[in-house]
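**Student:** Structure for this input, please:
(one chain, ligands or ions: 2)
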Amino acid sequence: MILMQLENITKSYHSDAGSVHALRNINLKIHAGEMIAIVGTSGSGKSTLMNILGCIDRPSTGTYTVANYNSQTLNDDEISKLRREYFGFIFQSYHLLPNLNAITNVELPAFYAGIEENIRNQRAHELLKRMGLAERGNHFPSQLSGGQQQRVSIARALMNGGTIILADEPTGALDSHSGHEVLEMLRRLQQKGHTIIIITHDNNVAESTDRIIQLRDGEIILDTKKVLLNNNHPDSPQLGLSPDIKKKASLSLNEHLLNATKTALHALKANTLRSLLTVLGIVIGIASVVSIVAVGQGMRDSVLKSFRDIANLSLIIYPGSEAGDDKAGSIQSLVISDIDALAQHPYVEYVAPQVESGERLRYGRNDAAGQVTGINVGGFKKDGGLLVDGRDFNQNDIKDKAQVVLISDLAYRKLFLPGKKPIGEFVLVGRLPCRVIGVVSNQGSASMRGETVNVWLPYSTAALRLIGKPYFNSIAVRTRKDIASAQGEKIITSLLEKKHGVKDFYIYNNHQAFASLDSTTFTLTIGLGSVAAISLLVGGIGVMNIMLVSVSERIREIGIRRAIGARKQDILTQFLVESIFLCIVGGLIGIGLGAVACKGISLFSSIQASLSLISIIVAFTTCIVIGISFGVIPARRAAQLDPSLALSRE
Ligand code: ADP
Ligand code: MG
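**Tutor:** Ligands and ions are numbered 1, 2, ... in the order given. Model prediction:
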């Protein structure tokens, strides 16, 4: 049976220096079960012919048929499968993967064929035993002699069957004894039905085969065909051809990812230092992103908070139909019941008329010029005040227009002797006697600084009992924080319009000021974020560089993997998984480090760095995106490498 047939095969290499015709017009038929030597001087085209026979390389012109498949009609996955399931390669320099032990090296072709781990492990053990290396399974190539390495590579060639064994100078690097052993093994394989093709310089080796093909300048000048084989040659039991090449040439996504992940993790482990350096780059990038964004966020929050302390009443209602209404002073449209109505609205957090009046304060023989402010429950807080003694007003005080007063600590010092308890004492506010129920400290708040002697009355008391007017010049309203102030304005407008039957008021909304502050601080965060993004980018480029270097360092590894049947996809995914994995590990450590840095900054400086979940999520996603995007270029480069070129690279 004709196993391989070459018709008018040529192979040329083109470069700036001109064209090289490595093979010219090759016609050749090889039967199943033959043992052939290819001989010729250096540069005569032996390796090129071997690469084409083994589907590591494609011819420039002509047709190559192997096992009834025209090689031109097969796609890359199918060619890869052909290499995996029909061919076994043996190279002069063994081409074992240095980071894998003997067993794993032998298993590799079955690994890419998707064969179960225990099955392939058992088979690898058997093959090594057959090669007389039963005890050497866990040795790495560097721990084996040349002859032993070559026997490991024969075992690897047989892993998936090895119907056709292609050996390029298999004895070239061996002493005569080891060389003889290897040749013996190949002869025994031929007797079992394998087809053996050997490239050799050695006349003794050539003489020991059944057929010698001699090349000169890319042409066949001699073909001895010592033994004529045909379909039913009694001495050559043929190996059953493996099943359909087109069937299941690619793996399922799951198998594929699992394989790639295993390979990638192994490769990372084998190159610990390089992996650590890459991770370090990512760690620095991510940690700085996380902490810089957190610090920016913290600064923004604290600026906003201090601004809100000063001006946190976002809506003020005035009488009159529009700002600057001439008659505003005499319009009496804002009344006590408006306050009640507003207070009951679920979106309203605080409402109080703005009632202010300068009054004399008197207690016993002491007196002072005071500033009286009418407030609602909790209203002193808007000035940054803190209750340090007694209690706040309650709803009943408001409703009953109770004659109770909150005094500032400055008012306390002006009116009372040191040590005197003020709570329960009566102070004269203007001509209104009021019982002191609490003392408020100003905590150095901006709006209460200075020498103003502040006291606070319930707004109803201040309006009706002290000033004696049942209507207000303005009402301040604060809507809930989660309600946009424009929406709050709309709600209040419609509420009052319905109640009054006419729009006899207008609303001043200071959200504009807030909006610009918000956008300023937002710009700050964005600015810090872009600094962080740049550091991420630098980290990413670092990953890409290291992965690219790793591709060029590992060209031979990639060539070997491809020669024994790895698909392009296998190589691509392996490199991608490597870089994504590095980025994820680096990202996690970086986030941890960033969190620690935030804690440190908060502890040792006045900035409360706020570590937000969003910044963590963003940083982590960025990590993965960097892993993919900066991993793709090197991974594609690795996958696209021409296996024959990759193998010839030393
Ligand atoms: P042999 O194995 O018999 O020593 P080769 O098959 O390796 O010879 O090479 C045959 C010819 O093709 C040589 O002249 C060599 O320089 C040339 N050649 C082989 N590979 C390449 C390549 N990738 N690019 C350019 N020329 C090549
Ligand atoms: Mg060669």
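
**Student:** contacts and neighbour counts: CA atoms only from here.
**Tutor:** Noted.

**Student:** what helix or strand is the residue of the stretch 451-600 of the chain found nearest ligand 1 on?
**Tutor:** For the stretch 451-600 of the chain, the residue closest to ligand 1 is residue 559, as judged by Cα to the nearest ligand atom, at 13.4 Å. According to DSSP states H and E, residue 559 maps onto helix 555-563.

**Student:** returning to what we had before: go ahead and confirm the residue of the stretch 451-600 of the chain closest to ligand 1 touches residue 638.
**Tutor:** No: here residue 559 lies out of contact with residue 638, judged by Cα atoms under 8 Å, at a distance of 9.2 Å.

**Student:** so what secondary structure elements neighbour the helix holding residue 559?
**Tutor:** Applying 3 or more Cα pairs under 8 Å, 6 or more residues apart in numbering; DSSP states H and E, we find helix 555-563 packed against helix 76-85, helix 613-640, helix 643-648.

**Student:** Just list the residues touching residue 28, thanks.
**Tutor:** 4-7 (Cα atoms under 8 Å, 6 or more residues apart in numbering).

**Student:** about what we covered before: where's the helix holding residue 559 relative to the chain centroid, distance-wise?
**Tutor:** 28 Å (Cα atoms, centre = their mean, to the nearest Å).

**Student:** Compute the number of surrounding residues for the residue in the stretch 201-350 of the chain that ligand 1 sits nearest to.
**Tutor:** Scanning the stretch 201-350 of the chain for the residue nearest ligand 1 gives residue 218, at 7.0 Å (criterion: Cα to the nearest ligand atom). Applying other Cα atoms under 10 Å, we find 24 residues neighbouring residue 218.

**Student:** same check, this time on the one 4 residues further on
**Tutor:** Summarising burial for residue 222: neighbours were counted as other Cα under 10 Å, giving 14.

**Student:** Show me what the strand or helix carrying it is packed up against.
**Tutor:** Taking DSSP H and E as the criterion, residue 222 maps to strand 219-223. When contacts are defined as 3+ Cα pairs under 8 Å, 6+ apart, strand 219-223 packs onto strand 18-31, strand 211-216.

**Student:** got the angle between the longest one and strand 211-216?
**Tutor:** So that's strand 18-31. 170 degrees (axes from the mean of the first three to the mean of the last three Cα atoms, to 10 degrees).

**Student:** Find out how far the helix or strand just after strand 18-31 is from the centre of the chain, if you would.
**Tutor:** Using DSSP H and E, the helix or strand that directly follows strand 18-31 along the chain is strand 35-40. Taking Cα atoms, centre = their mean, one finds strand 35-40 lying 53 Å from the centre of the chain it belongs to.

**Student:** gap between residue 604 and residue 630?
**Tutor:** 37 Å (Cα to Cα, to the nearest Å).

**Student:** More neighbours: which of these two?
**Tutor:** Neighbour count, other Cα under 10 Å: between residue 604 and residue 630, residue 630 has more, with 23 against 9.

**Student:** Excluding covalently adjacent residues, which one is nearest to that one?
**Tutor:** residue 544 (5.0 Å; Cα to Cα, 6 or more residues apart in numbering).

**Student:** can you check residue 616 too?
**Tutor:** Per Cα to Cα, 6+ apart, closest to residue 616 is residue 290, 6.3 Å.

**Student:** Quick one: residues contacting that neighbour.
**Tutor:** Taking Cα under 8 Å, 6+ apart, one finds 532, 591, 594-595, 611, 615-616, 619 in contact with residue 290.

**Student:** ok, now residue 83?
**Tutor:** 54-56, 563-565.

**Student:** now do residue 365
**Tutor:** Going by Cα under 8 Å, 6+ apart, residue 365 touches no other residue.

**Student:** right, and residue 86 touches residue 164 too?
**Tutor:** Yes: using Cα under 8 Å, residue 86 is in contact with residue 164, at 5.9 Å.

**Student:** related to what we said a few turns ago, make a markdown table from the helices and strands packed on helix 555-563 and add mean pLDDT to it.
**Tutor:** Converted to a markdown table, these look like this (pLDDT from 0 to 100):
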| stretch | mean pLDDT |
| --- | --- |
| helix 76-85 | 89 |
| helix 613-640 | 82 |
| helix 643-648 | 82 |
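
**Student:** Go through those and pick out the most buried.
**Tutor:** Mean neighbour count (mean count of other Cα atoms under 10 Å) peaks for helix 76-85 among those, with a mean of 23.

**Student:** and the angle for the next helix-or-strand element following it with helix 555-563?
**Tutor:** Per DSSP H and E, the first helix or strand lying C-terminal to helix 76-85 is strand 87-91. Between strand 87-91 and helix 555-563, the angle comes out at 150 degrees (the same axes, to 10 degrees).

**Student:** for strand 87-91, packing partners?
**Tutor:** helix 146-158, strand 164-168.

**Student:** Which among those is found nearest to residue 538?
**Tutor:** helix 146-158 (42.2 Å; Cα to Cα).

**Student:** and that closest one, how far from the chain's centre?
**Tutor:** 41 Å.

**Student:** cool, and stretch 454-469?
**Tutor:** On Cα atoms, centre = their mean, the centre of stretch 454-469 falls 62 Å from the chain's centre.

**Student:** tell me which element residue 549 falls in.
**Tutor:** Counting by DSSP H and E, residue 549 is part of helix 511-553.

**Student:** Sorry, slip of the keys, the one I care about is residue 435.
**Tutor:** strand 432-441.

**Student:** Tell me both backbone torsions, phi and psi, for the residue lying farthest from the centre of the chain.
**Tutor:** Seen from the C-alpha centroid of the chain, the residue lying at the greatest distance (Cα atoms, centre = their mean) is residue 365, 74.2 Å away. The phi and psi values for residue 365, taken as degrees, to the nearest 10, are phi -100, psi 0.

**Student:** With the one 10 residues further on instead?
**Tutor:** Phi and psi for residue 375, reported as degrees, to the nearest 10, are phi -130, psi 170.

**Student:** what does residue 320 give?
**Tutor:** According to degrees, to the nearest 10, residue 320 has phi 100, psi 160.

**Student:** What average pLDDT does the helix or strand harbouring residue 587 get?
**Tutor:** Taking DSSP H and E as the definition, one finds residue 587 inside helix 568-604. For helix 568-604, mean pLDDT rounds to 89.

**Student:** Could you do stretch 354-370 as well?
**Tutor:** pLDDT averaged over stretch 354-370 gives 88.

**Student:** Would you mind listing what in the stretch 401-550 of the chain touches ligand 1?
**Tutor:** By Cα under 6 Å from any ligand atom, no part of the stretch 401-550 of the chain sits against ligand 1.

**Student:** right, I mislabeled it, should have said the chain
**Tutor:** 13, 20, 22, 42-48, 645.

**Student:** Show the buried residues in those.
**Tutor:** 22, 44-48 (16 or more other Cα atoms under 10 Å).

**Student:** elements contacting the helix or strand bottoming out on mean pLDDT in the chain?
**Tutor:** The least trusted helix or strand in the chain, going by mean pLDDT, DSSP states H and E, turns out to be helix 511-553, with a mean of 75. When contacts are defined as 3+ Cα pairs under 8 Å, 6+ apart, helix 511-553 sits against helix 272-310, helix 568-604, helix 613-640.
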